[in-house]
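In: got a sequence here, can you model it:
(chains A and B)
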Amino acid sequence: MRLSQSFIPTLKETPAEAQIVSHRLMLRAGLVRQTSSGIYAWLPAGLRALRNIERIVREEQNRAGAQELLMPTIQPAELWRESGRYEEYGREMLRITDRHEREMLYGPTNEEMVTDLARQSLRSYRDLPQMFYHIQWKFRDEVRPRFGVMRGREFLMKDAYSIDLDHAGAVVSYRRQMLAYMRTFQRLGLKAIPMAADTGPIGGELSHEFIILAPTGESQVYFDAAFEEIDYTSDALSGQSPEELLRFFETMTSHYAATDEKHDPASWERIASARRREGRGIEVGHIFYFGTKYSAAMGFSVAGPDGRPVHPEMGSYGIGVSRLVGAVIEASHDEAGIIWPDSVAPFHAAILNLKPGDPVCDALSERIYAQAPGSMLYDDRQDRAGAKFADADLMGHPWQIVVGPRGAAADRVELKRRATGERQDVAAADALARIG
RNA sequence: CGGGGCGUGGCGCAGCCUGGUUAGCGCGCGUGUUUUGGGUACACGAGGCCGCCGGUUCGAAUCCGGCCGCCCCGACCA
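Out: From the prediction side, this is the model:
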């Protein structure tokens, strides 16, 4: 993408409404613009980051055996009356009436709809297990939206649903999702900690929330260093047989991890002090096992092996995809701007042409850009070098390829790694190979 | 929902208390010159129904009332 022709409106000053660092940087780097309280438009660079996160979430869901589908944003109130949540959910649910006076709602989650789809077509225990997911916009009419996309009213969420014949099967599905979550967050460059959690309005008996570490997180968290040491993407964890999943789950739940509300100093003291870790955390995912809560309430049953009807055991698994864009920035930034992990960055590298109009600089910049126009942002603006450096740091590209008159004459460019600030002078021909 | 605050060119703000001539400053934007490896300097210029509606007044950005929007703290959440 050529910056001179792109809609990436960066800001030198911070808009007054933005309080936390990710919100400020998202506005300043031209990733999003607010259209109403808690509702945002995603601009080209922001959308690219959002799509990258979405892609990783999708790959890990597929790997976990979940099938992607896409359910609507608007749902009929009737379904929610069946489960009893239409009344329960309260003002947080955005209710809509269509022209025929039918009551509808903008979905805050999809348990009812999944159960309805399942009961229409799943009739036998032979049809189970099933695991579905979709990545769809949700709406929760928060009393007080804040923190930019981290706590918006409209947000993009991955929600998955497991349907198993019995408790044993449901627990395997639950563990499978837990592993997918750890892999997903690791690939996003985040340190994630699973913590036992309350089940809230979704209900159920087994639940974990996933907290990622960020210096500006909302809550204090305490955990065992073990969580930092496991490579969740390793082959050892790729088999996913029930036995392997059990071992994994036991590892996850055997180590201490708690938010400050549930922190137990006595247990904490029992951990070797060198292994104690604490920090600030942001919740980015939540998984629930809720058994037959919806299948029973909504009359979803399948024929069991003995011919008798059985209510399947279900679970649901959410990841706040749009929230993660903010969360990644909270976890990775400095005074100058965003520091994107390679896997999330809207652009892998920016080419900074320090002297546009100079035939040598232009030719060299164009030559590099032509090699990978899809993954690079070419700063071809008629602007001062300082402005380009500042914008590139703000936008957080993992790499900057600096093309200046001095180096270009010798066919050399400077590579800057955003995360470390490290610079190296390399032959132009080697530049792309060096940055992967 | 309880408590607090704010709406003035694209962004950040001043002016409002103590109504009165062309509504101001910085940044950004445009043109020209200048500068050329970390937001250059100078000059000229464009851009505003002062959130909306109503009231008071000879006169309202300024005073009064209502409405709308946005932000912060708290309770609540992916």
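
In: please compute how far the helix or strand containing residue A:315 lies from its chain's middle.
Out: Using DSSP states H and E, residue A:315 sits within strand A:313-320. How far strand A:313-320 lies from its chain's middle: 15 Å, per C-alpha atoms, centre = their mean, to the nearest Å.

In: for stretch A:26-37, same thing?
Out: 18 Å.

In: cool, and stretch A:254-265?
Out: Relative to where its chain is centred, stretch A:254-265 has its mean C-alpha point 24 Å off (C-alpha atoms, centre = their mean).

In: what comes into contact with that stretch?
Out: Stretch A:254-265 is contacted by residues A:193-196, A:211, A:219-224, A:226-227, A:267-268, A:271, A:281 when judged by C-beta atoms under 8 Å, 6 or more residues apart in numbering. Glycine gets a C-beta too; all of them are placed from N, C-alpha and C.

In: pairing partners for the strand holding residue A:315, with directions?
Out: The pairing partners recorded for strand A:313-320 under DSSP bridges are strand A:154-164 (antiparallel), strand A:276-291 (antiparallel).

In: quick one: the helices in the stretch 151-300 of chain A, in order.
Out: A:167-187, A:226-229, A:242-254, A:265-270, A:293-297 (DSSP state H, counting those that start in this stretch).

In: near RNA strand B, which residues of the stretch 201-350 of chain A?
Out: Within reach of RNA strand B by C-beta under 7 Å from any atom of the strand, the stretch 201-350 of chain A has these residues: A:201-202, A:209, A:218, A:283-286, A:318-320, A:322-323, A:336.

In: for the stretch 51-200 of chain A, what spans make up the strands?
Out: A:67-68, A:74-76, A:94-97, A:103-106, A:130-139, A:154-164, A:192-196 (DSSP state E, counting those that start in this stretch).

In: which helices and strands sit right next to the third one?
Out: Based on contacts counted as 3 or more C-beta pairs under 8 Å, 6 or more residues apart in numbering; DSSP states H and E, the elements that strand A:94-97 packs against are strand A:103-106.

In: flag the shaky bits of the stretch 201-350 of chain A, pLDDT-wise.
Out: Counting by pLDDT under 70, the stretch 201-350 of chain A contains low-confidence residues at A:201-205.

In: relative to residue A:181, how far out is the closest residue to RNA strand B within the stretch 51-200 of chain A?
Out: Residue nearest to RNA strand B within the stretch 51-200 of chain A: residue A:155 (3.4 Å; C-beta to the nearest atom of the strand). Relative to residue A:181, residue A:155 is positioned 18 Å away (C-beta to C-beta, to the nearest Å).

In: quick one: which of the two has more around it?
Out: residue A:181 (27 against 22; other C-beta atoms under 10 Å).

In: okay, now the domains of chain A?
Out: According to automatic domain parsing, chain A comprises the domains A:3-338, A:349-434.

In: tell me which helix or strand residue A:425 sits in.
Out: Using DSSP H and E, residue A:425 falls in strand A:423-427.

In: what sits up against that strand?
Out: Residues outside strand A:423-427 that contact it (C-beta under 8 Å, 6+ apart) are A:407, A:411, A:412, A:413, A:414, A:415, A:416, A:417, A:434.

In: repeat the analysis, applying 6 Å as the threshold.
Out: A:412, A:414, A:415, A:416, A:434 (C-beta atoms under 6 Å, 6 or more residues apart in numbering).

In: could you give me the average pLDDT of that strand?
Out: Across strand A:423-427, pLDDT averages out at 96.

In: before we move on, what about stretch A:49-67?
Out: On average, stretch A:49-67 scores 97.

In: one step back: quick one: closest of the strands of the stretch 51-200 of chain A to residue A:310.
Out: Closest approach to residue A:310 among the strands of the stretch 51-200 of chain A (C-beta to C-beta): strand A:154-164, 10.4 Å.

In: now that closest one: how far from the chain's centre is it?
Out: That offset, for strand A:154-164, works out to 12 Å (C-alpha atoms, centre = their mean).

In: quick one, that strand and strand A:130-139 angle?
Out: On the basis of axes from the mean of the first three to the mean of the last three C-alpha atoms, to 10 degrees, strand A:154-164 is oriented at 160 degrees to strand A:130-139.

In: how big is the angle separating strand A:154-164 from helix A:167-187?
Out: Angle of strand A:154-164 versus helix A:167-187, following the same axes, to 10 degrees, is 140 degrees.

In: alright, calling it a day.
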